[in-house]
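Participant: the following comprises the amino acid sequence and a computationally predicted model.
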Amino acid sequence: MGSTIDQYIVANCLYTIDEFNILYRGWDKPELKIEADEKFNEMDITVRIGYPFKQNAHYTAGESARIKKAQKINHDLYIAQRDFKIEVKYLKNWISSANTRAASKNWSVFQQDFDWLMDEIDSDKAGKVAFVIGWFNCVDSFSQLIQLGTGNGAYPLADERKRRYFPFLEANKVPVYTKDLKYLLKI
């Protein structure tokens with residue numbers, strides 16, 4: 001089968017994490033939160049993931065707007081020489097109409113991308129497709145960045161179906177509320 005996408009993505013992500021650890025060393029959470037929400041975007045992550053591929057990287061982000069719906073592009077980065085397709089999402093908060101920080105995107109957007117990934121894998125594209133989610137670690141709970149609850153409100157019960165997509169999250173309470181989800185870091 002040759003090289004698989006995870007061999008490249010893991011290295012690219014580790015390099016990006018190291019870069020950010022160096023760039024943002026010593027920043028306090030409020031300062032980093034402003035940087036994450038106001039000065040950084042999804043394309044910043046996409047370019048960093050694609051950079052090692054140099055001229056072989058084709059950035060497809062935004063192309064869906066100019067293509068018929070039937071041909072919707074479900075990935076942000078394409079490496080033709082390896083037939084790699086990479087979808088990227090960046091988690092940040094937006095200021096809501098109530099003037100509070102809200103999760104960046106509705107869960108349905110992420111579900112569509114997870115469904116795309118599974119459909120591609122089911123179509124014999126395993127090792128050729130990836131879904132990368134990036135964020136700054138400047139919040140108290142991962143659920144402040146993504147909607148992982150079963151319903152509305154500030155602290156809903158965690159949706160176990162959604163949680164399965166994030167094996168690095170753990171909780172030490174039952175029942176599990178979204179605010180109880182913590183990173184399980186393995187360094």
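Facilitator: Cool, the structure landed.

Participant: tell me how far residue 94 lies from residue 108.
Facilitator: According to CB to CB, to the nearest Å, residue 94 and residue 108 sit 16 Å apart. The way it works is simple: take the backbone N, C-alpha and C, and place the C-beta from them, glycine included.

Participant: neighbour count winner among these two?
Facilitator: Legend: neighbour count by other CB atoms under 10 Å for residue 94 and residue 108, higher for residue 94 (12 against 9).

Participant: mind listing the strands the host helix or strand of residue 88 pairs with, and their directions?
Facilitator: If you go by DSSP states H and E, residue 88 is part of strand 84-91. The pairing partners recorded for strand 84-91 under DSSP bridges are strand 77-79 (antiparallel), strand 129-135 (parallel).

Participant: for those strands, which one sits closest to residue 21?
Facilitator: Proximity to residue 21, assessed across these by CB to CB, is greatest for strand 129-135 (13.7 Å).

Participant: could I get the full set of helices for the chain?
Facilitator: For the chain, applying DSSP state H gives helices covering 5-23, 29-38, 42-50, 107-120, 160-163.

Participant: give me the contacts around the fourth one.
Facilitator: Contacts to helix 107-120, defined as CB atoms under 8 Å, 6 or more residues apart in numbering, come from residues 74-75, 85, 87, 89, 128-131, 133, 146-148, 162, 165.

Participant: rerun that using 6 Å as the cut-off
Facilitator: Residues outside helix 107-120 that contact it (CB atoms under 6 Å, 6 or more residues apart in numbering): 74, 87, 129, 131, 147, 165.
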